[in-house]
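Asks: sequence unknown, structure follows:
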């Protein structure tokens with residue numbers, strides 16, 4: 001039994017309106033861990049989950065979502081799907 005992020009693997013797209021301006025949908029900017037340093041995108045996902053600072057027992061992938069209209073950005077925990 002494996003769990004995979006639906007956004008990372010293009011199984012689904014985010015359909016969330018901006019909570020600040022409500023005028024546009026949030027855009028997925030990728031995994032938050034990819035922004036840690038130049039080599040973060042090349043480190044195994046499971047390894048980064050142990051050091052990303054999120055205390056969770058479930059299978060979740062932290063993604064940075066941003067509004068193209070007002071510039072608001074925030075990290076959202078996306079529930080991973082069992083594959």
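Replies: Yep, it's here. These numbers were taken from a predicted model, which means no experiment stands behind them.

Asks: hey, where'd the strands end up in the protein?
Replies: Assigned by DSSP state E, the strands in the chain fall at 3-4, 27-31, 60-66, 73-79, 81-82.

Asks: Could you point out which of those sits nearest residue 13?
Replies: When the strands of the chain are compared by Cβ to Cβ, strand 27-31 sits nearest residue 13, at 7.5 Å. In this view, the C-beta of every residue, glycine as well, is placed from N, C-alpha and C.

Asks: circling back to that earlier point, will you turn the strands of the chain into TSV that also has mean pLDDT and distance to residue 43?
Replies: As requested, the strands of the chain are arranged in TSV below (pLDDT from 0 to 100; distance: least, Cβ to Cβ, whole Å):
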stretch	mean pLDDT	distance to residue 43
strand 3-4	91	17
strand 27-31	93	11
strand 60-66	93	14
strand 73-79	93	18
strand 81-82	93	22
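
Asks: Tell me what the residue most central in space within the chain is bridged to.
Replies: Nearest residue to the geometric centre of the chain (Cα atoms, centre = their mean): residue 63, 1.4 Å. As for beta bridges, residue 63 partners with residue 31, residue 76 under DSSP bridges.

Asks: was I right about it contacting residue 33?
Replies: No - contact criterion Cβ atoms under 8 Å: residue 63 and residue 33 do not qualify, at 9.7 Å.

Asks: how much space between the residue nearest to the centre of the chain and residue 14?
Replies: Note on residue 63: its distance to residue 14, by Cβ to Cβ, to the nearest Å, is 8 Å.

Asks: what is in contact with the two at once?
Replies: Contact with both residue 63 and residue 14 is made by residues 7, 28, according to Cβ atoms under 8 Å, 6 or more residues apart in numbering.

Asks: could the strands of the chain go into JSON lines alongside distance to residue 42?
Replies: Shown next, in JSON lines, are the strands of the chain (distance: least, Cβ to Cβ, whole Å):
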{"stretch": "strand 3-4", "distance to residue 42": "18"}
{"stretch": "strand 27-31", "distance to residue 42": "12"}
{"stretch": "strand 60-66", "distance to residue 42": "17"}
{"stretch": "strand 73-79", "distance to residue 42": "21"}
{"stretch": "strand 81-82", "distance to residue 42": "24"}
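
Asks: Select, out of those, the one closest to residue 20.
Replies: Closest to residue 20 of the strands of the chain is strand 73-79 (Cβ to Cβ; 9.4 Å).
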